[in-house]
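1. have a look at this fold, sequence not included:
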């Protein structure tokens, strides 16, 4: 099932300024381009994004914050694609929670909680911040021909960043590329926010599998929601 989502104007209210941030270290940028290009036909996210992960801003979110971190990575990409965004900051987990309360998706006790968010909440925040539509694709099987064609078409038309989360595979992650090869089939370039600590290098994250090409056949048997961000 595919749905193109856009909040009504009267649902976007009480916007607040997002504060500037100082991180524990300079967040790595464009992790997807640090990987060797695989053989075959490859399409990448075009534009720059920062790699957000557990604890990168001092918030101890291991075990529940992966959806927020995937969203932060996606927002950093949108900001870099929009010159008009200027020095706009990426929101913190608490600021994301405040936005979801502001639009009425969550109740006030959600702020400062450890409640996780999924793909739909990620869309709500993107639309709240940028009034930017997204296409939500519900995939019963990630490796179906229909879903693979939709992912490929998205990278052909938008060269964007896809946020994804599963029903039984609940680990949020981003997709920053697709590769198709007669020899190895279809692989997705996964940006996984589950790293904790301060990485010593991009290579460490690659070696430990947090940014890697993953054959689509290796994904668990799970339905997934994919958020295609419709930013040119």
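-> Right, received. Where do you want to start? Small disclaimer: the values here were computed from a predicted structure and weren't measured. Numbering: from 1, shown residues only.
2. please list all residues in contact with residue 107.
-> Residue 107 makes contacts with residue 101, as judged by C-beta atoms under 8 Å, 6 or more residues apart in numbering. Bear in mind the C-beta positions are built from the backbone N, C-alpha and C, glycine included.
3. so which elements touch the helix ranked longest in the chain?
-> Using DSSP state H to define each element, the chain has its longest helix at helix 66-81. Applying 3 or more C-beta pairs under 8 Å, 6 or more residues apart in numbering; DSSP states H and E, one finds that helix 66-81 contacts helix 93-102, helix 119-130, strand 162-166, strand 173-181, strand 224-229.
4. what's in contact with the shortest one?
-> Outside strand 162-166, the residues within contact range by C-beta under 8 Å, 6+ apart are 67, 70-71, 74, 118-119, 122, 151, 154, 171-175, 220, 222-229.
5. of those, buried ones?
-> Among the contacts of strand 162-166, those scoring as buried are 67, 70-71, 74, 118-119, 122, 151, 154, 172-175, 222, 224-229 (criterion: 16 or more other C-beta atoms under 10 Å).
6. state the distance from residue 206 to residue 148.
-> From residue 206 over to residue 148 the distance is 24 Å, taken as C-beta to C-beta, to the nearest Å.
7. sorry, back to before: now mean pLDDT too, for the helices and strands packed on helix 66-81, in a markdown table please.
-> Output for these, formatted as a markdown table (pLDDT from 0 to 100):
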| stretch | mean pLDDT |
| --- | --- |
| helix 93-102 | 97 |
| helix 119-130 | 95 |
| strand 162-166 | 94 |
| strand 173-181 | 97 |
| strand 224-229 | 96 |
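8. okay, the ones you listed in a markdown table with distance to residue 144 next?
-> Putting the helices and strands packed on helix 66-81 into a markdown table (distance: least, C-beta to C-beta, whole Å) gives the following:
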| stretch | distance to residue 144 |
| --- | --- |
| helix 93-102 | 31 |
| helix 119-130 | 18 |
| strand 162-166 | 14 |
| strand 173-181 | 14 |
| strand 224-229 | 11 |
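9. and those, which is most packed in?
-> strand 162-166 (a mean of 25; mean count of other C-beta atoms under 10 Å).
10. surely residue 24 and residue 56 touch.
-> Yes - using C-beta atoms under 8 Å, residue 24 is in contact with residue 56, at 6.5 Å.
11. same drill for those two, tell me which one is more crowded.
-> The neighbour comparison of residue 24 against residue 56 (other C-beta atoms under 10 Å) goes to residue 56, with 25 against 11.
12. show me the contacts for that one.
-> 23-25, 27, 69.
13. quick one: it from residue 90, how far?
-> Taking C-beta to C-beta, one finds residue 56 at 11 Å from residue 90.
14. in this structure residue 67 contacts residue 174, no?
-> No - under the criterion of C-beta under 8 Å, residue 67 makes no contact with residue 174, lying 10.7 Å away.
15. what comes up buried for stretch 133-144?
-> Buried residues in stretch 133-144 (16+ other C-beta under 10 Å): 133-137, 139, 142.
16. that'll do, ta.
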